[in-house]
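Asker: would you be able to build a 3D model of this:
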Amino acid sequence: MKNFLLILLLVSFSAFSQEMSIEKLNEIIKQKSDTLQVKGNSWHFTLNDRLLICIADKNANRMRIISPIAKKEQLDDTLILNSLIANFHTALDVKYAISDDVLWSVFIHPLKELSVHQVEDAILQVYNANITFGTIFSSTSLTFPGNTKKNLPKEKKYLQNKI
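Answerer: From the prediction side, this is the model:
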């Protein structure tokens, strides 16, 4: 009886495990995008006139959805600081990051462990983080509690204790 229950539990668990594939990812992006260009293992698509790019690597079991927001030279210290605060409190599964002198909203995750819902949610979070940059810096309506006030101190203060 114990063996039967163990087998039943394992079969049930495997039925709910995620097995995202490049093909499933392609279908989700097709359904969610306004325009789409596929280039090998990357998808360039728009959602409400915002460019999003998905890059997937089956062998490395990684994927990312990114959206360019601004060139680095357009950013001041306040915007950069506020995006770092948002990464902790309001960006949730998406983060703001700079690469190649461009600020991006970014979602990075192992590929095969993703569900359809998670991919759909990631697309929306990347899009929302892009359009709310400079205002509420948020990927969803959820926030983590704490100091989410986004501004710079009047004078520089240095940390007394190293963390």
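Asker: which strand or helix spans the most centrally placed residue in the chain?
Answerer: In the chain, the C-alpha nearest the mean C-alpha coordinate belongs to residue 107, at 2.2 Å (CA atoms, centre = their mean). Applying DSSP states H and E as the criterion places residue 107 in strand 102-110.
Asker: one more: residue 53?
Answerer: Per DSSP H and E, residue 53 falls inside strand 50-57.
Asker: so what strands line up beside that strand?
Answerer: strand 42-47 (antiparallel), strand 62-71 (antiparallel) (DSSP bridges).
Asker: which residues sit against it?
Answerer: Strand 50-57 is contacted by residues 22, 25, 29, 33, 41-46, 62-68, 111, 123, 126-127, 130-131 when judged by CB atoms under 8 Å, 6 or more residues apart in numbering. C-betas here are computed from N, CA, C, even on glycine.
Asker: buried only: go through those residues for me.
Answerer: Among the contacts of strand 50-57, those classed as buried by 16 or more other CB atoms under 10 Å are 25, 29, 33, 43-45, 63-68, 111, 123, 126-127, 130-131.
Asker: and the pLDDT at residue 141?
Answerer: On pLDDT, residue 141 comes in at 76.
Asker: can you confirm it is in a strand?
Answerer: No. Under DSSP: H, G, I helix; E, B strand; the rest coil, residue 141 falls outside any strand and is assigned coil.
Asker: give me phi/psi at it?
Answerer: phi -80, psi -10 (degrees, to the nearest 10).
Asker: show me the contacts for it.
Answerer: Residue 141 touches nothing, counting by CB under 8 Å, 6+ apart.
Asker: quick check: it vs residue 128, distance?
Answerer: Per CB to CB, to the nearest Å, residue 141 is found 9 Å from residue 128.
Asker: what's the answer for residue 89, then?
Answerer: As for residue 89, its distance to residue 128 is 14 Å (criterion: CB to CB).
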